[in-house]
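In: Below is the sequence, then the predicted model.
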Amino acid sequence: MRIPLLFVAVTLACAGSAAAQQAHNSNAPINFGADHIELQDKANRAVLSGKVSVTQAEMTLNAARMTVSYTGQVVDGSPQVSRLDASGGVTVTRPDQTARSNFAVYDLNKRVVTMLGGVTLIQAGNTVSGGRLTINLDTGRAIIDGSSVGGGGAGATTSSGGRVSGTFSVPKRN
């Protein structure tokens, strides 16, 4: 009987922290920095490389390389970005969580970040590792599972046997 109660307690603890998250402003401008940028106008994309850092509202995405895809439409002098594909030591930081992986895709139209390969999510003292993480930026809901496309690279954290693993913090009691 203890296992189901523990499962319910962990589920409620995770649900409570997820509910406290705020929706991300995916309409905010995207600011970037990189060592190198290659514009490929005919393909409607830009390739950023070398210590890439992209910030939108309170979310930051860092990677070794990133491809920025845009629609071809220009509004107020800026191309309309539709997707960011990141690779190489990817880190997504939000005020309440940090996630790391080998690859990530930020679909601005769907407002979803998908991270793949050696995923680790840290939030409020809790750590969860798996193969794939999906973050819905509207709801703040994060789903992690053991499946992965592309697997882990050198130094990657991987889950054992395609399973999700982690550590949940326990409140101090008197």
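Out: Yes, it's here. Just so you know, these numbers come straight off a predicted model, no measurement behind them.
In: which residue ranges form the helices in this structure?
Out: Using DSSP state H, the helices assigned to the chain run over residues 2-19.
In: Low-confidence stretches in it?
Out: In the predicted model of the chain, residues 1-22, 148-161 satisfy pLDDT under 70.
In: residues in contact with the residue of it most remote from its centre?
Out: Of all residues in the chain, N174 sits farthest from the chain's C-alpha centroid, using C-alpha atoms, centre = their mean; the distance is 36.4 Å. Taking C-beta atoms under 8 Å, 6 or more residues apart in numbering as the contact definition, N174 lies against nothing. For glycine as for every other residue, the C-beta is placed from the backbone atoms N, C-alpha and C.
In: measure it to S69 for me?
Out: Plainly put, N174 is 54 Å away from S69 if you go by C-beta to C-beta, to the nearest Å.
In: looking at it, I144 is touching V119, isn't it?
Out: Yes - in this structure I144 lies within contact range of V119 using C-beta atoms under 8 Å: 6.3 Å.
In: out of those two, which sits in the more crowded spot?
Out: Residue environment comparison for I144 versus V119 gives the larger neighbour count to V119, 31 against 21, counting by other C-beta atoms under 10 Å.
In: quick one: contacts for the more buried one?
Out: For V119, the contacting residues are 99-101, 129-133, 144, 148, 157, taking C-beta under 8 Å, 6+ apart as the criterion.
In: export these to JSON lines and tack on distance to T60?
Out: Conversion of those to JSON lines gives the following (distance: C-beta to C-beta, whole Å):
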{"residue": "A99", "distance to T60": "11"}
{"residue": "R100", "distance to T60": "13"}
{"residue": "S101", "distance to T60": "14"}
{"residue": "S129", "distance to T60": "21"}
{"residue": "G130", "distance to T60": "22"}
{"residue": "G131", "distance to T60": "23"}
{"residue": "R132", "distance to T60": "21"}
{"residue": "L133", "distance to T60": "16"}
{"residue": "I144", "distance to T60": "20"}
{"residue": "S148", "distance to T60": "23"}
{"residue": "T157", "distance to T60": "20"}
